[in-house]
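Chemist: Can you look at this prediction? I've put the sequence above it.
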Amino acid sequence: MRFLRTLAVLFVALAAGSSFGLAQTSAADDQLKKDIDALKEGQKAIQKDLEEIKRLLQNRPVADALPRDPISIANEPFKGD
């Protein structure tokens with residue numbers, strides 16, 4: 001999530017910087033486009049990993065929180081004996 005937040009901040013900063021009319025060369029524009037495309041690909045990879053993690057967690061059997069059979073505590077030592 002931290003990576004996605006950083007990615008979003010970077011994208012907004014790049015968009016804001018270009019909207020203020022900063023003079024950029026064609027090479028700089030091409031480099032920015034390549035960087036943005038690389039960020040998009042990284043985001044797609046992260047999304048794919050997240051979907052796989054969700055799928056693995058959903059397929060994992062859930063352990064019962066309580067035992068199925070009653071537990072007898074008759075004749076067992078306890079504090080205060």
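Modeler: That came in fine, so what should we check first?

Chemist: for stretch 32-52, what is the average pLDDT?
Modeler: Stretch 32-52 comes out with an average pLDDT of 96.

Chemist: and that stretch, which residues are buried?
Modeler: residue 39 (16 or more other Cβ atoms under 10 Å). C-betas here are computed from N, CA, C, even on glycine.

Chemist: Which of the three states applies to residue 62?
Modeler: At residue 62 the chain is in coil, as set by DSSP: H, G, I helix; E, B strand; the rest coil.

Chemist: Oops, could you answer that again for residue 74 instead?
Modeler: Going by three-state DSSP, the state assigned to residue 74 is coil.

Chemist: Can you name every helix or strand that the lengthiest helix in the chain contacts?
Modeler: When every helix of the chain is counted residue by residue (DSSP state H), the longest turns out to be helix 26-59. Helices and strands touching helix 26-59, by 3 or more Cβ pairs under 8 Å, 6 or more residues apart in numbering; DSSP states H and E, are helix 2-19.

Chemist: Residues in contact with the helix it packs on: which ones?
Modeler: Helix 2-19 has contacts (Cβ atoms under 8 Å, 6 or more residues apart in numbering) with 24, 32, 36, 39, 42, 43, 46.
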